[in-house]
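In: what's the 3D shape of this:
(2 chains)
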Amino acid sequence: MTLLDRVLAVARRRSPWVCRVNTGSCNGCDIEVTPLISPRYDAEQLGVQFHGTPKHCDILLVSGTLTARSRAAVVSMWEQMPSPKAVVALGSCPASGNVFAGSPVVLGCSLDEVIPVDVWVPGCPPRPQAILEGIARAAALLEAGKTRDQIGRAA
Amino acid sequence: MSEDLLRYGLAFLVWPGLLLAAPLGWFDLWLMRKATARLQGRIGPPFLQPAFDFLKLVGKRAVIPEGVNRTAFVALPIVSLASVGAALVVVPMPGNPAPRLPGDVVLLVYLLEMPVLVEVVAGFVGRSVYGEVGAMREALMSLAYNLPFLAAVIAVAEHAGSFDLATIAAAPFGPVHVFAGLAFLVALPARLKTNPFSIAEAEHEIVAGAHIEYSGPLLGLFELSHALEIVVLTELFAVLFVPASGSAAVTIAVWVVVGLALILGVALLAATTARVRLAQAFRFYWLWGGAASAAALVAGFVR
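Out: Next up is the predicted model:
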């Protein structure tokens, strides 16, 4: 690994820009994300910035159950993000459908079957500290070149 | 001739150009973000954050949307950066190796307009609706803030009786400097697109303005260009309104401190205000900016 690669890897860890998408969440997880930019949690110390467009971002933060309507949207957002990129799934919904599982409008699959998820943050909803740790872990994966996007491209 | 080219190249690439202005621009960006964070009771970003952001963006892939003109899409951020870099060459900082050009203040004003024009074109080239709205807002805002900005420059040029930056900087002080400086300060927040005039890239309304379709290295070039724009504008204020002292080192130190003070003032204004509407901003600039412009021009022409 050359010095330039090393500097680039550190920059990737220190500058994770996050894009949020709600794929059918009850809004509980989204409310727990908002405090991250408040004085108490201040995610900017980790270099986190929230951006409105996936094209600017490194980390896709997905909250909520996958629905028939949101599946195409979340795939499109993931494809619009420039590599290297990571996906953080918030709470129980993306993993299992949570209490909405079995509803006719909810897809009976995990987010992992749609886009490659790197970090799962458990909880319903997860606490802001846990979300921040999830973002920090995804950023560390970006530094190590170990996100599933990076592994997939290297293979 | 070749020696002149070498000196221009040196000025463009090293001092007061890219190599030394980029860290200064990143420091300005960090200072704005840190000051905003402290005013909001947060700790704020680490010192090297803007540099990390830039390096990370440069190390990413660029996504170019389907159906856009690829040549124009890729060329625009490069044109923006090159114009701001050229503007840095024109600013008569002490130790600037570039030969002086007659009427360089006119050239500087044109070069400073280039990033604005690029933003407008970029918004339309990207073919995003939000980008187009951002581009239109940018174009209209440039009609608003350029009134006090150009009036300030013209007033001090008239006062000095010359369009050479070095002559203007050496002119004796008078009331014109107070009024023109005021008009320049009024124009500054809108030129830097900070609150309450962050109308063109209003992040909660139109996502990211004209940059919405840009990603990776191309976005990085736009961010660098913006950082350098901050440096050029603060340096221009210092050159026009802060007297140079005998020693070059003292002059540079004083001008840099003045620039940082301006940045802190802009950050304070941005942290304590909310975004105004386009019509309100326009009204503000043509009313109060117009009043400051008229005062500056009267003071410049009546000696």
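
In: phi, psi of residue A:49?
Out: phi -130, psi 140 (degrees, to the nearest 10).

In: For residue A:139, see how far away the residue nearest to it when sequence neighbours are not counted is.
Out: Nearest residue to residue A:49, sequence neighbours excluded (Cβ to Cβ, 6 or more residues apart in numbering or on different chains): residue A:17, at 4.9 Å. C-betas here are computed from N, CA, C, even on glycine. As judged by Cβ to Cβ, to the nearest Å, residue A:17 and residue A:139 stand 10 Å apart.

In: Touching both of the two, which residues are there?
Out: Shared contacts of residue A:17 and residue A:139, defined by Cβ atoms under 8 Å, 6 or more residues apart in numbering or on different chains, are found at A:58-59.

In: and these two? which has more neighbours close in?
Out: Neighbours were counted for residue A:17 and for residue A:139 using other Cβ atoms under 10 Å in any protein chain shown; residue A:139 has more, 25 against 18.

In: Burial check on the closest residue to the more buried one other than its chain neighbours, number of neighbours?
Out: Spatial nearest neighbour of residue A:139, excluding adjacent residues (Cβ to Cβ, 6+ apart): residue A:16 at 4.1 Å. Look at residue A:16: counted by other Cβ under 10 Å, it has 25 neighbours.

In: dump the residue contacts of residue A:16.
Out: A:46-48, A:58-59, A:86, A:135, A:138-139, A:142 are the contacts of residue A:16 under Cβ under 8 Å, 6+ apart.

In: From the residues you listed, pick the one nearest chain B.
Out: Of all the contacts of residue A:16, chain B sits closest to residue A:47, with 5.6 Å by Cβ to the nearest Cβ.

In: is it true that that closest one touches residue B:47?
Out: No - Residue A:47 lies out of contact with residue B:47 (Cβ atoms under 8 Å); the separation is 11.4 Å.

In: Who are the packing partners of the top helix by length along chain A?
Out: Of all the segments of type helix in chain A, defined by DSSP state H, the longest one is helix A:128-144. Applying 3 or more Cβ pairs under 8 Å, 6 or more residues apart in numbering or on different chains; DSSP states H and E, one finds that helix A:128-144 contacts helix A:3-14, helix A:28-33, strand A:59-63, strand A:86-90, strand A:119-121.

In: wait, which of the ones you listed is closest to chain B?
Out: Closest approach to chain B among those is made by helix A:3-14 (3.8 Å; Cβ to the nearest Cβ).

In: With only the CA atoms kept, save the longest helix of chain A in PDB.
Out: This file holds the C-alpha atoms of helix A:128-144, laid out as PDB (Å, rounded to 0.1, in the frame of the first residue of the first chain):
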ATOM      1  CA  PRO A 128     -28.700   7.500  18.400                       C
ATOM      2  CA  GLN A 129     -25.400   6.300  19.900                       C
ATOM      3  CA  ALA A 130     -26.000   2.900  18.100                       C
ATOM      4  CA  ILE A 131     -26.700   4.600  14.800                       C
ATOM      5  CA  LEU A 132     -23.600   6.800  15.200                       C
ATOM      6  CA  GLU A 133     -21.500   3.600  15.900                       C
ATOM      7  CA  GLY A 134     -23.000   1.900  12.800                       C
ATOM      8  CA  ILE A 135     -21.900   4.900  10.700                       C
ATOM      9  CA  ALA A 136     -18.500   4.800  12.300                       C
ATOM     10  CA  ARG A 137     -18.200   1.100  11.600                       C
ATOM     11  CA  ALA A 138     -19.200   1.500   8.000                       C
ATOM     12  CA  ALA A 139     -16.600   4.300   7.700                       C
ATOM     13  CA  ALA A 140     -14.000   2.000   9.100                       C
ATOM     14  CA  LEU A 141     -15.000  -0.600   6.500                       C
ATOM     15  CA  LEU A 142     -14.600   2.000   3.800                       C
ATOM     16  CA  GLU A 143     -11.100   2.700   5.100                       C
ATOM     17  CA  ALA A 144     -10.100  -1.000   5.200                       C
END
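
In: after that helix comes which helix or strand?
Out: Moving toward the C-terminus from helix A:128-144, the next helix or strand (DSSP states H and E) is helix A:148-154.

In: Quick check: mean pLDDT of that next one?
Out: When pLDDT is averaged along helix A:148-154, the result is 85.

In: so how far is it from its chain's centroid?
Out: 16 Å (Cα atoms, centre = their mean, to the nearest Å).

In: Can you give me the neighbour number for residue B:302?
Out: Count around residue B:302 with other Cβ under 10 Å applied: 8.

In: Ok, residue B:140 next?
Out: Neighbours of residue B:140 using other Cβ under 10 Å come to 16.

In: that older thread, right, so of the helices and strands packed on helix A:128-144, which gets closest to residue B:183?
Out: Closest to residue B:183 of the helices and strands packed on helix A:128-144 is helix A:3-14 (Cβ to Cβ; 39.6 Å).

In: which parts of that closest one are buried?
Out: A:8-9, A:11-14 (16 or more other Cβ atoms under 10 Å in any protein chain shown).

In: List the contacts of that helix.
Out: Taking Cβ under 8 Å, 6+ apart as the rule, helix A:3-14 contacts A:1, A:46-47, A:58, A:84, A:139-140, A:142-145, B:46, B:48-49, B:51-53, B:55-56, B:59.

In: switch the cut-off to 10 Å
Out: A:1-2, A:46-48, A:58, A:84, A:86, A:136, A:138-145, A:147, A:150, B:45-46, B:48-49, B:51-60 (Cβ atoms under 10 Å, 6 or more residues apart in numbering or on different chains).

In: what bits of chain A have low per-residue confidence?
Out: For chain A, not a single residue meets the criterion pLDDT under 70.

In: Ok, chain B next?
Out: For chain B, the ranges with pLDDT under 70 are B:1, B:303.

In: longest helix in it, by residue count?
Out: In chain B, taking DSSP H as the definition, the longest helix is helix B:129-160.

In: What residues of the helix or strand just after that one count as buried?
Out: For helix B:129-160, the succeeding helix or strand toward the C-terminus, using DSSP H and E, is helix B:165-170. Buried residues in helix B:165-170, counted by 16+ other Cβ under 10 Å: B:165, B:167-169.
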